[in-house]
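K.L.:
model this:
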Amino acid sequence: MELMKFLRAQWDRAGAVLGVVIGAVMLIVGWVGVSGSGLPAGQIPYVISCGVGGLFILGVAAVLWLSADLRDEWHKLDRIENAIRSADSQAGAAAPSPAAAAAPAEVEAQPAARTTTPRPRKATTAPRKRAARSRTTAS
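P.N.:
Below is the predicted model:
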């Protein structure tokens with residue numbers, strides 16, 4: 001029962017582990033098949049079916065594992081956000097501080113100061129004058 005609960009909760013990690021096992025088995029079968037055949041015509045089917053297929057399944061397993069890690073990070077961020085919101089709501093229920101009560105209700109936003117220096121402009125050059133072509137006549 002615990003195994004099924006774990007597999008439902010961590011389906012992407014379980015799929016990643018399964019993918020690594022299947023991909024490794026496919027690569028080993030492909031290697032054995034290629035090493036047993038001396039002719040390239042007999043090796044190519046093993047390379048294509050087992051080699052490429054095994055690498056593809058290993059790639060899918062890596063993506064599943066990264067997906068599980070990202071999901072864990074998002075859950076952690078959600079818990080942090082909920083803790084901050086609950087702390088804010090508890091602090092909001094308390095009486096406002098005297099400084100906050102004395103502050104004006106609307107504060108006009110000031111434009112932000114420029115933090116970067118402007119880029120120098122490109123030096124423009126005067127348009128080139130075409131050299132007058134001398135027309136020579138054949139004598």
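
K.L.:
quick one: buried residues of stretch 47-66?
P.N.:
50-51, 53-54, 57-58, 60-61, 64-65 (16 or more other C-beta atoms under 10 Å). To be clear about C-beta, it is placed using only N, CA and C from the backbone, and glycine gets the same treatment.

K.L.:
I should have written stretch 29-40 there, sorry.
P.N.:
Buried residues in stretch 29-40 (16+ other C-beta under 10 Å): 29-30, 33-34.

K.L.:
now, which of those lie within helices?
P.N.:
Judged by DSSP state H, helices contain the following of these: 29-30, 33-34.

K.L.:
CSV please, covering those residues and showing pLDDT and distance to Lys76.
P.N.:
Formatted as CSV, those follow (pLDDT from 0 to 100; distance: C-beta to C-beta, whole Å):
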residue, pLDDT, distance to Lys76
Val29, 93, 40
Gly30, 92, 40
Gly33, 89, 45
Val34, 90, 45
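
K.L.:
the longest helix in this protein is where?
P.N.:
helix 53-93.

K.L.:
other SSEs contacting that helix?
P.N.:
Applying 3 or more C-beta pairs under 8 Å, 6 or more residues apart in numbering; DSSP states H and E, one finds that helix 53-93 contacts helix 11-36.

K.L.:
angle of the helix it packs on against helix 53-93?
P.N.:
160 degrees (axes from the mean of the first three to the mean of the last three C-alpha atoms, to 10 degrees).

K.L.:
so what's the closest residue to Ser67 other than its chain neighbours up against?
P.N.:
What sits nearest to Ser67 in space, not counting adjacent residues and going by C-beta to C-beta, 6 or more residues apart in numbering, is Asp12, at 5.1 Å. Under the criterion of C-beta atoms under 8 Å, 6 or more residues apart in numbering, the contact list for Asp12 reads 64-65, 67-68, 71.

K.L.:
low-confidence bits of this structure, can you list those?
P.N.:
The model of the chain has pLDDT under 70 over residues 93-139.

K.L.:
let's see 90
P.N.:
1, 3, 6-9, 33, 36-48, 88-139 (pLDDT under 90).

K.L.:
that older thread, a markdown table for the ones in helices among the buried residues of stretch 29-40, including distance to Gly23?
P.N.:
Formatted as a markdown table, these follow (distance: C-beta to C-beta, whole Å):
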| residue | distance to Gly23 |
| --- | --- |
| Val29 | 11 |
| Gly30 | 11 |
| Gly33 | 16 |
| Val34 | 16 |
